[in-house]
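Engineer: Using only what follows, build the 3D model:
(4 chains)
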4 protein chains.
Amino acid sequence: MISFESDYIAGAHPRLLQRLLETNLEPLSGYGSDPYCASAREKIRAACAAPEAEVLFLTGGTQTNALVLSALLRPWEGVVSAQTGHIATHEAGAIEHTGHKVLTLPQHLGKLEAAELARYVTDFYADGNHEHMVFPGMVYLSHPTESGTLYSLAELEEIARICRTHSMPLYVDGARLGYGLMSDETDVSLADLARLCDAFSIGGTKVGALCGEAVVFPRRTPEHLLTTVKLHGALLAKGRLLGVQFDELFTDELYFRISRHAIDCARKLKEILREKGCNFYLESPTNQQFLILENQKLAELQKEVAVSFWEKYDETHTVVRLATSWSTTEEDLERLRELL
Amino acid sequence: MISFESDYIAGAHPRLLQRLLETNLEPLSGYGSDPYCASAREKIRAACAAPEAEVLFLTGGTQTNALVLSALLRPWEGVVSAQTGHIATHEAGAIEHTGHKVLTLPQHLGKLEAAELARYVTDFYADGNHEHMVFPGMVYLSHPTESGTLYSLAELEEIARICRTHSMPLYVDGARLGYGLMSDETDVSLADLARLCDAFSIGGTKVGALCGEAVVFPRRTPEHLLTTVKLHGALLAKGRLLGVQFDELFTDELYFRISRHAIDCARKLKEILREKGCNFYLESPTNQQFLILENQKLAELQKEVAVSFWEKYDETHTVVRLATSWSTTEEDLERLRELL
Amino acid sequence: MISFESDYIAGAHPRLLQRLLETNLEPLSGYGSDPYCASAREKIRAACAAPEAEVLFLTGGTQTNALVLSALLRPWEGVVSAQTGHIATHEAGAIEHTGHKVLTLPQHLGKLEAAELARYVTDFYADGNHEHMVFPGMVYLSHPTESGTLYSLAELEEIARICRTHSMPLYVDGARLGYGLMSDETDVSLADLARLCDAFSIGGTKVGALCGEAVVFPRRTPEHLLTTVKLHGALLAKGRLLGVQFDELFTDELYFRISRHAIDCARKLKEILREKGCNFYLESPTNQQFLILENQKLAELQKEVAVSFWEKYDETHTVVRLATSWSTTEEDLERLRELL
Amino acid sequence: MISFESDYIAGAHPRLLQRLLETNLEPLSGYGSDPYCASAREKIRAACAAPEAEVLFLTGGTQTNALVLSALLRPWEGVVSAQTGHIATHEAGAIEHTGHKVLTLPQHLGKLEAAELARYVTDFYADGNHEHMVFPGMVYLSHPTESGTLYSLAELEEIARICRTHSMPLYVDGARLGYGLMSDETDVSLADLARLCDAFSIGGTKVGALCGEAVVFPRRTPEHLLTTVKLHGALLAKGRLLGVQFDELFTDELYFRISRHAIDCARKLKEILREKGCNFYLESPTNQQFLILENQKLAELQKEVAVSFWEKYDETHTVVRLATSWSTTEEDLERLRELL
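Structural biologist: Next up, the predicted model:
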């Protein structure tokens, strides 16, 4: 049995576990005040070319989104998202649980369109009843998106410009950020995100860590951030668990190199799938590939290969997702080639 | 430099790290659906003599308290706690953040007194205005308490009886549960907790794990628990991180043996402190010891020994806490003896 | 200047003010425990043919929706609404403020379609990821809708059937209920609503009262309702203000007769508008009429007649709303005829 | 039967009802945008000597407290209150429902003591763990207090000074403000409150209105206040109901004159009670008087006179409250004298 089910099927990259082992018995103070957290913060600031940034370590993606959004929104504001955004669909209402509405716009291959965003905000303020409505208080993007697609630098610049015009912070959910940054088809860098966003996350859980997301606030840090993290139940006593891992991920560009590995594997995966005549549901330049499979064929495949159900395509076909990751091996790919 | 600062100064017990290493590259499904979580649940049920119990793994203590309390409370209810309870003092308002009041009663060495609880609830329902007040919806205890003290089985039985009489679920915060169960001065077992509580936590973070609390619902499981965990931002993608650790903690009684080690160390610590003529602030039968130190003496000691500030005693004295744990060594204790 | 701006431009029906005057100096107990509230409840139960119903008086529509929805929803649930539902658009996020998502479906002249609702719920439970999503916990309709349209009895029966199948309470927002019940084109009665809904409101604010909505729970009353009302800040000290008004509205069928008056006025209004060659935006059988007006024509009209902006139609036309109500007079209508 | 049960046993002062009647059929725009609201705001600004103040009209006291506190608090902050403060005891958890903790200090005849407040805040910031605790974000006083007592101007000045030092807004709950301002024993004026507070309420419900509280923000208005009111479900469609009443209350000093009437009645009430040898529970200079009555005597009295249960005094005695108000008559007082 081989698995392309997700990019979080394995534990941690061995170098991270090794560092956890090496530092395990050092007595360290808690709640993110240890030297490994400090070092990781410094390395991330450097990688982002954002020397003034605040960097916060949290354990999971939904926790990160709910905490950052509620820290940046005022009570009368909601967050604008593509209708397929993770916060709009697969976080069990975690954003609404903090009291805020997710304001959805149409998605285009998983992306918000700048022109539609501009029109939405302009129309909002032109509406005579807008004081009875939820104000668009910030903008949420994911990069890569849920569909594995990427914003171009020009698209991000334009969205950031609209955000600045209307004083809406821009937040990028980077749960799979490494796989976006290392795509062959991107012109967006970490420094670009730090320049354009008010906050963004650098996903660890899907890119080599046991758990962990780093949140970067390039310019303005929300007030009393540690207390905010605590009151969300998101403050780890042993902050070292996140500090040691991110410190290692940002040593010798490990984060980027293992992300690049996943992209290389995804390229080979696409070749294999094309070679076998598979139908792609959409064109993804990152580590997630979406196929339309005939249901019986899928049932057979699943005896040997774990894949993810994405959605029903029609009565006889299903869309499935295959994901590569830092842990994908040549053997996995070869075995898949044989099985198809 | 040696440290008695807290019971979470070290990483994980080496056997837990070893198991994380051994299982690291196995492809596993996420969100707690892997076989290690299943096995850990089964072992915990056995240890609790509660074959029907639901067992949930979360990452931290405040997260656990906020999630369990809000899952068991109805909107018009609050939770009764000693005024020194962790939820009442050191969780940054995480319980109120979920919309619920913490109803405080006096503390007696960190404990709620059954008779005061009974009187409080009786008086509440006798008050002609009680429909304008927050209903006592459940009871929160910690065991050991914030002061390192323990409830006797008779005390727990009596509190549980009052809870049943008034249909208030009883929850025990067991962030340091191992150190309570292995105390020489307790008559309370895991099975007693499972018999008397509606929910209780078995702390991992302070007892050998990198992170993790197991929550046990011995009888009735809150509905849609996975979705509840998700909407609190508390669902780990790689549930294995918690499953593998708790599975190992409950193999060969590791949890109990490392807790016993901390208790043995605490006994030696007390001997050393008594031998050196230290003043104890209160008598604790568990792993936390509280001393009254003259301020200048404290300043000197802190050059070599990390301890925790607890509270100001008077103008010239301070209460400090020294904690042992699974990671305390004979060498730490001997070094302390020399330094005092 | 005459006004068709809304159905809440005048104060209270004179008979209500008269009763407030007559009862003004009677010393009465507070919080809805006075005999006028009791009498009003009894009359509403009779009008609904629901002798066991609980009847609750609140001051406003958004307050009513937020309180009832949050009382009936569990934390993991959201409420299904047409995308044009008042709760989805014009309540400033009051529902999300209580922690719940509004799950929107397409609207058809302001209405939810039963078949789409059934498909949505079925698809939800068939989705392998639904535990990561917000559960459809209840259904919200408004009757009349925001567009002045009405559900047929057959439509309501079908929606209620789907709700029962999936254990979703059905709530009808009746802010303008009188104008729906007295329409020439309805086959729905108060007793039908009591039979089919789990909760519905009978709007007073737009139908003759200074303020006030009566909420009817025909079968099961939410627990601790008075405390729930109090914690929402919705409990009036002088409950008599609402009790006296609803008691009078449900005396000698005043509620129905003044609603019928508004419908008669709306029929005459439509005749006048048709006679003048106006373009209707949609066909409404209730007290709200929607016109497409050329912008210059609109500007001129507004010098003499207050109407409501509804939405931009195109570059040169606007949709406006004209509402009749219990307070509309023959003179208002004749004056409008002259002005058009 | 006569009633001293509360100060909200009657409807509205006849002049208010008269004005509602006179203005009843005028077509007015909604949501507080009508000329009566504008005029009332202007008169209140004048009465407060606060020409820049924002004035907001709400329907009830708990609604007012919850809305104002949550508008002024940040997520990590709680509100400091005497342990007997209305928000701490009799609002069913409405403040916690908005996510904020009520931080209680001892009460002294219902009042906060400035020195204790200063010490509390100083100790908070001196506590090494304060980032894990709820920050004191503002201060809540009621004036008169729950016990009918009053702050002196010197006490208010001192509390306001502490608030400014620690950047904590000061809010005064004036549900019975008129009865405080007109007491013989006060040196506090409306202008003093406007000078010292960041927000305060002027209660109408207990001082002559059918319902209504005016909230004054003397300097800085919270952003997007109308939307905030809407999302709390507190925005009345017919804002005129509140505007007309407050406009009349602040015409010819009606608010002050009817408050003075209640104080005069309270003085006579005290004389009668003293003459009859009643035991006072505490000394109140306002409209609420608290007696200790022998239980059998109380039972007899209640056959003829409605009074309020306050609390159990001992096994054979009860504390009861008698309240005068704008609607108390000489006849009520004479009848009471006969009955005692």
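Engineer: show me the residues around the closest residue to chain B within the stretch 51-200 of chain A that make contact.
Structural biologist: In the stretch 51-200 of chain A, the residue found nearest to chain B is residue A:63; the distance is 3.3 Å by C-beta to the nearest C-beta. Bear in mind the C-beta positions are built from the backbone N, C-alpha and C, glycine included. The contact partners of residue A:63, taken as C-beta atoms under 8 Å, 6 or more residues apart in numbering or on different chains, are A:213, A:232, A:234, B:233, B:234.
Engineer: Repeat the analysis, applying 7 Å as the threshold.
Structural biologist: A:234, B:233, B:234 (C-beta atoms under 7 Å, 6 or more residues apart in numbering or on different chains).
Engineer: Count the residues that sit near residue A:139.
Structural biologist: The number of residues packed near residue A:139 is 25, by other C-beta atoms under 10 Å in any protein chain shown.
Engineer: is it fair to say it lies in a helix?
Structural biologist: No: counting by DSSP: H, G, I helix; E, B strand; the rest coil, residue A:139 is located in no helix; its state is strand.
Engineer: that older thread, out of the contacts of residue A:63, grab the one that's most surrounded.
Structural biologist: Going by other C-beta under 10 Å, residue B:233 tops the contacts of residue A:63 with 27 neighbours.
Engineer: Okay, and residue A:216 sits in which element?
Structural biologist: strand A:213-217 (DSSP states H and E).
Engineer: which residue sits closest to residue A:89, ignoring its sequence neighbours?
Structural biologist: residue C:133 (6.6 Å; C-beta to C-beta, 6 or more residues apart in numbering or on different chains).
Engineer: The one you found is in contact with residue A:92, isn't it?
Structural biologist: Yes: checked against C-beta atoms under 7 Å, the pair residue C:133 and residue A:92 is within contact range at 6.3 Å.
Engineer: The residue of the stretch 51-200 of chain A closest to chain B: which element?
Structural biologist: Judged by DSSP H and E, residue A:63 forms part of helix A:61-72.
Engineer: The next helix or strand along the chain from that helix: partners in the sheet, and parallel or antiparallel?
Structural biologist: Using DSSP H and E, the next helix or strand after helix A:61-72 towards the C-terminus is strand A:77-82. According to DSSP bridges, strand A:77-82 has the following sheet partners: strand A:102-105 (parallel), strand A:135-142 (parallel).
Engineer: So for residue C:133 and residue A:92, which residue has more residues nearby?
Structural biologist: A count of neighbours by other C-beta under 10 Å puts residue A:92 above the other of residue C:133 and residue A:92, at 29 against 20.
Engineer: list the contacts for the more buried one?
Structural biologist: Counted by C-beta under 7 Å, 6+ apart, residue A:92 has contacts B:227, B:230, B:231, C:76, C:132, C:133, C:134.
Engineer: Could you check how far the closest residue to chain D within the stretch 201-340 of chain A is from residue B:94?
Structural biologist: Nearest residue of the stretch 201-340 of chain A to chain D: residue A:227, at 4.3 Å (C-beta to the nearest C-beta). Distance check for residue A:227 against residue B:94: by C-beta to C-beta, to the nearest Å, it reads 10 Å.
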